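Asks: Okay, predicted coordinates and the sequence, questions at the end:
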Amino acid sequence: MKQVFKPLGIATAVAAATAGYVNVANAQTVANNALGDLALVPYYTVNGEWITGIHIVNTSDKTQVVKFRFRRAADSLDALDFNVVMSPQDVYAGFLSDDENGDISWSAADTTCTVPGTTNGRLTMPDIYREGAETGYVEIIGMGAPEFESLPIAVAAKHGTSSLEPLDCAAVRSNFFADGTSPADNGVEDMDTTWQAPSAEKAIQAGGENTYEDTKNVLKVSYFIRDNATGVEFGDNAVHIADFMTEPSLTNQQFGWLSGDLDGFDFPDLDGTSPKDDGDTPVQRGRFDALRDGGVLGVTALYNEWTANPANGAALDWVVTMPGQYTLMDTPQFVLALRDAEDGPDMSDITCTLANGCDYRDIPVEASIDAYNREELTTVTASGDLTVSPALPGEETKLLLEKETNVITFGGNSVLGVTDVDISADLQQPFGWLSLSVASQSGASTPDVRVCQWNYSQDDTGGAQESDADLLLLIDGCDSVTNAGVPMIGFAAWARNVAANPDASYGRIVAHSFASGS
C-alpha cells in the first residue's frame, strides 16, 4: 500500500559532478527573452506586512511538470517545495504570506494541479526549516513534459472548457509516489517514467504509464513583493536560464534524503537531476559549475544606484542573492550539526567548516565598494568616505555578505524592513551609484570552492528513516569548480513615500548590472 504524502517536500540538496555524469557547461545561457527551463526569483519576503507573489506561465502546447521551491536566506535550506503540473498555455499564480500564528503559507486560487494537494488553496511551510525563512529566494525548475498530450497525466491535468478545472488532480498526484512500477503500484519509476493510478474518469480510467521529455525553454516567471501596510509594490521578471537541462528529471514527492532517498523531492536542484543512474536517462549533474560561468551567473562586480535621502521620502535597498550555495557544502553534516545546536540556526554553533571539509561555499563573500554621487564625486575627506556602519574612526572595515540572500541598506533607511549590512556615505549628495566588487571566501588567498557529490550507492529507496551515521555517508566527497565567478542575482528596490498624499507613494525595482570578468 502506498504511504501518504508528507505535508510538503523538505529538501536540502547538494550537487555533484561524478564519473559518467552529463555536463554540458557551455549550453546554459541567461535568457534575454525571459523564457527558460529554470527561473530564479532573487528575493521573497513575508516580514511585517510584506507578501510575495509569483506567476508562472506555460507558453508551450505541452503539459509541464514544474518544481517550485522556496529557500531561506541564511543558508538556502529548502523551507517549502512542491510540484505544479501545468496544462498547455496554463498560468499558475499565488502568493506567500504569514499569519498571526507565525505560519508561512503559499496561497493560490488557481485550480492547476499541485503535488501535494492544497488545503483551502494553501500549502503551509513545515516547521523543520521554518525558523529564519521569512526571507529568501525561489527556484522554479522544469522537470519534464509528457511525450504526448494523449498520455494519462496530460489528460488528467488539462483544464475543462466548462468547469475550468483539471479533469482529475488526484490522478495527477498519483504519479509522484516513490518506486512506481504499474498503475496498481503507481509513482515515479525513474527520471523519465511515472505510473498513474486508475481513475473514475472515463478518459483516464485505466491509468497507465507516462513517459517524459525535457521541458525546453517555455517557462515565463514573474514576481512582485508588496507591503500591505503602505500599498507599495515592486515587481519584475525572474532571472531565466535557458537550456539548464536537456533531459527530464522526474522525482517523487514522498521521500527525501533525510529518509535515505536520493530520488525524492530534494531534486532536481541547481546542480541538475537526481544523482540516480538508472541506465536509461542520463544523469545530468555538474550544472552549478556551469551556472558559475561568467557568461551565465558568475559575477565579479555589481553596479546600481543608491540613495539615502529621507528628506523627500526616498529609500532604497539592494538585494544581493547568491543562489545555489547549498551545492557547495556537505549538507547532511551541516543539517545534523544545525539540528543538534541548542539555540537554533546560529552559524557559530555549526561544526561544518572549510577546515573540516564540510563547507566549501563562496560565503562569506568579501565586497569592496566604489561609490559615486551623481556628479562623479567619489571621495570627500577621510571621514566622509563610504564605510560600513557602524565603524570606529580610522578603523578599516570590510563589507562581508554572510548570507545567501542579503539586504544592503543605505543610511539606516530600509525599504524592506530588513538590514543585513548598512552603508553610510557623505559625498555632498545623498544619492549616486555604487560598484560592489566581490571575491569568493573572504581572506582565502586561493579560495577552495567545491561542489559536493551525493553518493547514490548509499541510497535506500525504501524511504526508511536513516540513522545519523547512514546519512553522513550520503556525500561522497567534493570536487573543485572550474568557474571562479560567484553566482549573483538581485536588484535595487526603490520606494518613495509621500507623507502628504500616501496614494501617491510608489516603488520600483531596478535589476543590478554586473561585470563577469570573462
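Replies: Looks like it came in fine. Numbers count the residues shown, from 1 in each chain.
Asks: Quickly run through the sheet partners of the longest strand along the chain, with directions.
Replies: Using DSSP state E, we find that the single longest strand of the chain is strand 135-146. Its sheet considered, strand 135-146 pairs with strand 38-45 (antiparallel), strand 64-72 (antiparallel), strand 208-213 (antiparallel) by DSSP bridges.
Asks: Please compute how far that strand lies from its chain's middle.
Replies: 8 Å (CA atoms, centre = their mean, to the nearest Å).
Asks: Which residue, other than its chain neighbours, is closest to residue 52?
Replies: Spatial nearest neighbour of residue 52, excluding adjacent residues (CB to CB, 6 or more residues apart in numbering): residue 44 at 4.0 Å. From N, CA and C alone the C-beta is placed, and that goes for glycine too.
Asks: need the contact list for the one you found.
Replies: By CB atoms under 8 Å, 6 or more residues apart in numbering, the contact set of residue 44 is 52, 54, 70, 96, 135-138, 223, 225.
Asks: now residue 31
Replies: Residue 31 touches 217, 240-242, counting by CB under 8 Å, 6+ apart.
Asks: Could I get the full set of helices for this structure?
Replies: Along the chain, counting by DSSP state H, helices occupy 152-157, 169-173, 287-291, 331-340, 468-472.
Asks: can you redo the ones you listed as TSV with mean neighbour count and mean pLDDT?
Replies: As requested, the helices of the chain are exported to TSV (neighbours: other CB atoms under 10 Å; pLDDT from 0 to 100):
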stretch	mean neighbour count	mean pLDDT
helix 152-157	27	98
helix 169-173	23	98
helix 287-291	26	95
helix 331-340	20	84
helix 468-472	13	87
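Asks: Can you tell me which of those is nearest to residue 254?
Replies: Taking CB to CB, helix 169-173 is the member of these nearest to residue 254, at 10.5 Å.
Asks: rewinding a little: just put the strands paired with strand 135-146 in TSV and tack on distance to residue 229.
Replies: Converted to TSV, these look like this (distance: least, CB to CB, whole Å):
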stretch	distance to residue 229
strand 38-45	13
strand 64-72	22
strand 208-213	44
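Asks: Who are the contact partners of the nearest residue to residue 118 once chain neighbours are set aside?
Replies: Closest residue in space to residue 118, ignoring its immediate chain neighbours: residue 108 at 7.1 Å, by CB to CB, 6+ apart. Contact analysis of residue 108 by CB under 8 Å, 6+ apart lists 92-95, 114, 118, 121.
Asks: List only buried entries from those.
Replies: 92, 94-95, 114, 118 (16 or more other CB atoms under 10 Å).
Asks: picking that back up, for the contacts of residue 44, which one is nearest residue 367?
Replies: Closest to residue 367, out of all of these and judged by CB to CB, is residue 137, at 18.3 Å.
Asks: about what we covered before: and the residue nearest to residue 52, how close does it get to residue 496?
Replies: 23 Å (CB to CB, to the nearest Å).
Asks: just to revisit the earlier point, distance to residue 299 and mean pLDDT for the strands paired with strand 135-146 - can I get that in CSV?
Replies: Shown next, in CSV, are those (distance: least, CB to CB, whole Å; pLDDT from 0 to 100):
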stretch, distance to residue 299, mean pLDDT
strand 38-45, 13, 98
strand 64-72, 19, 98
strand 208-213, 33, 98
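Asks: With residue 369 as the reference, name the closest of the ones you listed.
Replies: Using CB to CB as the measure, strand 38-45 is the one of those that comes nearest residue 369, at 20.3 Å.
Asks: Just the CA trace of the closest one, in CSV.
Replies: The C-alpha coordinates for strand 38-45 follow below in CSV (Å, rounded to 0.1, in the frame of the first residue of the first chain):
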residue,chain,number,x,y,z
LEU,A,38,15.0,27.4,-14.9
ALA,A,39,13.9,30.6,-13.3
LEU,A,40,15.3,32.3,-10.2
VAL,A,41,13.3,34.8,-8.1
PRO,A,42,16.0,36.8,-6.3
TYR,A,43,14.0,37.6,-3.2
TYR,A,44,10.9,36.7,-1.3
THR,A,45,9.7,38.2,2.0
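Asks: How far does that strand sit from its chain's centre?
Replies: For strand 38-45, the distance to the chain centre is 6 Å (CA atoms, centre = their mean).
Asks: mind checking which helix or strand of the protein has the lowest mean pLDDT?
Replies: Among the helices and strands of the chain, strand 387-389 carries the lowest confidence by mean pLDDT, DSSP states H and E, at a mean of 46.
Asks: Can you report phi and psi for the nearest residue to residue 256 once chain neighbours are set aside?
Replies: Using CB to CB, 6+ apart and skipping residues adjacent in sequence, the residue nearest residue 256 is residue 264, 4.4 Å away. Main-chain dihedrals, residue 264, degrees, to the nearest 10: phi -100, psi -160.
Asks: domain assignment for this protein?
Replies: 29-280+449-480, 298-324+365-401+404-440+485-515 (automatic domain parsing).
Asks: which of those domains sits most buried?
Replies: Neighbour counts (mean count of other CB atoms under 10 Å) averaged over each of these peak at domain 29-280+449-480, with a mean of 20.
Asks: Low-confidence ranges, this protein, go.
Replies: 1-26, 340-351, 354, 371-398, 425-429, 441-447, 460-463, 498-502, 517-518 (pLDDT under 70).
Asks: hmm, back to that, which pair in the contacts of residue 31 spans the largest distance?
Replies: Between all members of the contacts of residue 31, the farthest pair (by CB to CB) comes out as 217 and 241, at 8.8 Å.
Asks: Could you tell me which residues touch both of these two?
Replies: Common neighbours of residue 217 and residue 241 (CB under 8 Å, 6+ apart) are 31, 36-37.
Asks: what's across from residue 140 in the sheet?
Replies: residue 39, residue 68.
Asks: Surely it is in contact with residue 220?
Replies: No. In this structure residue 140 lies outside contact range of residue 220 using CB atoms under 8 Å: 10.0 Å.
Asks: Give me the common contacts of the two.
Replies: 39, 56.
Asks: so what's residue 46 up against?
Replies: Shown in contact with residue 46 (CB under 8 Å, 6+ apart): 52, 96-98, 104, 134-135.
Asks: Okay, residue 459 and residue 179: tell me how far apart.
Replies: Where residue 179 is concerned, residue 459 sits at a distance of 12 Å (CB to CB).
Asks: all strands of the stretch 301-450 of the chain, in order?
Replies: Here the stretch 301-450 of the chain has its strands, by DSSP state E, counting those that start in this stretch, at 301-307, 314-321, 365-373, 387-389, 399-401, 405-410, 421-424, 431-439, 450-454.
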